[in-house]
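Peer 1: Quick check, what structure comes out for this input:
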Amino acid sequence: MTLALDFGTCNTILARWCTDSQQIETLRLGNFSKVFAYKLPHAKLFRQSAVIPTLIHYGEQNNLYIGAQVEIAGLTEHKSTFRWLKLDILKGNNQARRIHGEFITPRQAADELIEQMLMAAGLPNDEDLVITVPVEAYDQYLDWLLGSVQRTFQGTVHVLDEASACLLGYDIPRQADQIYVVFDFGGGTLDVSVIKLPAATAAEIGPPRILGRAGEELGGSLVDQWLLAELQQNQCLTSRDVADVGMALLRNIETAKIRLSNGEEQVMVEQWHEQSARLITHVFNRHGLQQLLAEDRADLGGFSLYRLLSRTVERAMEQAQDKYGVKKSVVKAVLMAGGSSLLLGVAEVLRHLFPDSAVHCENPYEAIARGACRYAGENINLTLVHDYCLESWNRDKRAYELVVIIPKGSRYPSERPLTKKYLNAACDGATRLGLVVKECAAMICPEPVYQMQGGVLSMVDYREEHDTALRELNPKDREFIHADPPCNIGERRFIAGFGIDANRRLTLSLKDLHSGSRSYVQLSSGEKLPLPIKDLPFVKL
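Peer 2: Sure, this is the predicted structure:
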C-alpha cells in the first residue's frame, strides 16, 4: 500500500492507495479531520472533501489538539495555537513562542503535527510514503519535510512535486504526448507547471515531464489580510484592536471570502471586542472583493492579484516555449488545485488565458494527495527549480555580483562537475578564501500585512524588497578554504568544480594549482581535508 501526505498551509490531506481494490481512499482521521463543503465556479451543487486543518494547539499538562480538534474546542485563535506553519517554514520564520513555560518553534510544532497525523493514519512496515512539495519551494523546505516524516515513518519515502501529483490525481482521460497546465493556488503558495505526458504513459501511469514552471509566495491567506486591512480602515480600528481580536476576525473574514466566492452577494462579519465592549460589524460584498483582487498593489510589485496570476502562468509558458516550442494553443487542459483556486474570478482568468483548453476545477482539495497515491516509483522530477550562485567580487565595478554555478533545470545526481571556476584571493597574503552560496528565484515575495508575534496578530511594516528571492545556504561555512602558502592577488590559485549528488547536495572538487601546496579545507563540523578533494558535499540544496 502507498500512503500520500499533502502538507498544506491551511489544510492537509492524507490518502491511501489500496493495492487489492486498486482504489484511492482519502483518510478521515477521527476528530482530527473535518468534512469541508465547497462550490465549484458556476456550479449549483456543493461538493465535499475530507481535510485535516493544519493546526496544532498546546494545552496544559502536555495536552495536544490536532486539526479539527482545535476548531471544535474553539482554540483556533488562541495564543498557544500554531497555524500557517507551511508558510513559516517556506519563509524561514522559526521564531519561538513561550508556551506553558517552554519555548516552541514553528518547525517543532510542524514536526509534532506531522508525527501525530502519521501515527493516526497507521504505518505498517510494508507501506511506502509519498510526500508532495511545491514546485517553487526553496529546496531546503524539502530537506525539512523529509526529515520530519522520517522521525515517525521507517519505510521508503518518495518525493513528488505537487504539479505532477495533481495531473495524476484528476480523473480525466490522460493522453500520451499531450500538454497540460497545472495551476496550484493554495493558502500560501502559487505554483504553475506546464507538463507533458510521454508516450510511455499511454497504457499506464508513468513519470510526467515538466516543461516549464513558475511560482510565487502568494496564497489565499494574504487575501484574508487585505480584507482585514480594509475592515480595519473602514471601522477605524487601532493596531491594539487588531491584536485583541485579529485572529478571530481573520477567521470570520476567511469564511466571508469563501461565501462570496461561492456566489453570495454580500456577507456581514461580526466580532465582539471585549476590551471596548463594542460589536465590530462590516459588510463585504462580491463586487468589492472582485475590485480588491483587480486593483494594482505595491506589495505585489505593482500588479493586481489577477494580473500576477496571469504573469505567473505566462512565465511558465515562456519557459516551455523557449525550451520546447510549446504554445498555448496546444494545451489540452488546465487542472486547478488548492482552495484558493476557487477564489472569485480565478477560473475566469484561466479561461481567458486558455480559450481553447478545458479548465478543470472539480477536485481542488484532494487531487494532489490522490495523484501521489497513484505514483509508486522513484522521484519523478529530479531537477532543481532555482539558480545557485556564488557571491563574487568584481574588481572593475568594485561590487559583489552573483555568478551562477548551478542553473535551474539541472538534473541530479550529476555525472561530472556542472561548472568549473578559478578561485583567487582578493588581496595579497590571504590565507583563507570564502565561498558564499546563494539560492535565487525570480519571483515576487509579498510581505504580509500582519504577522504572528507571540501568538498575537500584529501589523508589520511593508518592505519593498520583493523582486528577487535570495537565500544564503552556507552561513557557517563561508571561509573554509585554507591556503598554504598564502595567495597573491590576481593569480589563478585554485580550480573548483561544482556538481550535485544523489542527496541533493552541492558538491565541491578543489585543487590547489600551486606546486608544493599544503592547502586544506576545514568545515564547521571540524573535519579537515587536505587538497585535492573530489565531490565533497558541503551545501544541502
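
Peer 1: So, low pLDDT: which residues of this structure?
Peer 2: Applying pLDDT under 70 to the chain flags residues 1, 124-126, 135-139, 198-207, 376-383, 385, 442-469, 503, 540-541.

Peer 1: which stretches of it form helices?
Peer 2: In the chain, the helices defined using DSSP state H lie at 68-72, 85-90, 106-121, 139-150, 162-169, 220-234, 239-261, 286-294, 305-324, 346-353, 367-374.

Peer 1: which other helices and strands contact the first one?
Peer 2: Using 3 or more Cβ pairs under 8 Å, 6 or more residues apart in numbering; DSSP states H and E, the elements in contact with helix 68-72 are strand 46-53, strand 56-58. Where C-beta positions appear, they are placed from N, C-alpha and C, glycine not excepted.

Peer 1: Pretty sure residue 400 is one of the things residue 390 touches, is it not?
Peer 2: No. If you go by Cβ atoms under 8 Å, residue 390 and residue 400 don't touch, sitting 9.9 Å apart.

Peer 1: More neighbours: which of the two?
Peer 2: Taking neighbours as other Cβ atoms under 10 Å, residue 390 and residue 400 compare with residue 390 leading, 21 against 12.

Peer 1: Let me see the contact set for that one.
Peer 2: Neighbouring residues of residue 390 by Cβ atoms under 8 Å, 6 or more residues apart in numbering: 402-403, 405, 421, 435-438.

Peer 1: Next: residue 332.
Peer 2: For residue 332, the contacting residues are 175, 178-180, 357-358, by Cβ under 8 Å, 6+ apart.

Peer 1: quick one: which of the contacts of residue 390 is nearest to residue 221?
Peer 2: Closest approach to residue 221 among the contacts of residue 390 (Cβ to Cβ): residue 438, at 27.1 Å.

Peer 1: Just flag the most distant two among the contacts of residue 332.
Peer 2: Greatest spatial distance among these (Cβ to Cβ): 175 and 357, at 13.2 Å.

Peer 1: Look at the two and report which has more neighbours.
Peer 2: Each of residue 175 and residue 357 has its neighbours counted (other Cβ under 10 Å); residue 357 has more, 19 against 13.

Peer 1: ok, now how distant is the more buried one from residue 330?
Peer 2: Separation of residue 357 from residue 330 (Cβ to Cβ, to the nearest Å): 9 Å.

Peer 1: If you tally nearby residues, what's the number for residue 78?
Peer 2: For residue 78, the count of nearby residues is 16 (other Cβ under 10 Å).

Peer 1: If you could redo that for residue 293, that was the one I meant.
Peer 2: Using other Cβ under 10 Å, residue 293 has 20 neighbouring residues.

Peer 1: How about the one 4 residues further on?
Peer 2: For residue 297, the count of nearby residues is 17 (other Cβ under 10 Å).

Peer 1: for it, what are its contacts?
Peer 2: 226, 303-305, 446.

Peer 1: Any chance of JSON lines for the contacts of residue 390, columns distance to residue 10?
Peer 2: Below are the contacts of residue 390 laid out as JSON lines (distance: Cβ to Cβ, whole Å):
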{"residue": "402", "distance to residue 10": "34"}
{"residue": "403", "distance to residue 10": "39"}
{"residue": "405", "distance to residue 10": "37"}
{"residue": "421", "distance to residue 10": "43"}
{"residue": "435", "distance to residue 10": "39"}
{"residue": "436", "distance to residue 10": "36"}
{"residue": "437", "distance to residue 10": "33"}
{"residue": "438", "distance to residue 10": "30"}
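
Peer 1: Now the two most distant members of the residues you listed.
Peer 2: Using Cβ to Cβ, the two most remote members of the contacts of residue 390 are 421 and 438, lying 14.8 Å apart.

Peer 1: Before I go, just wanted to say thanks for your time.
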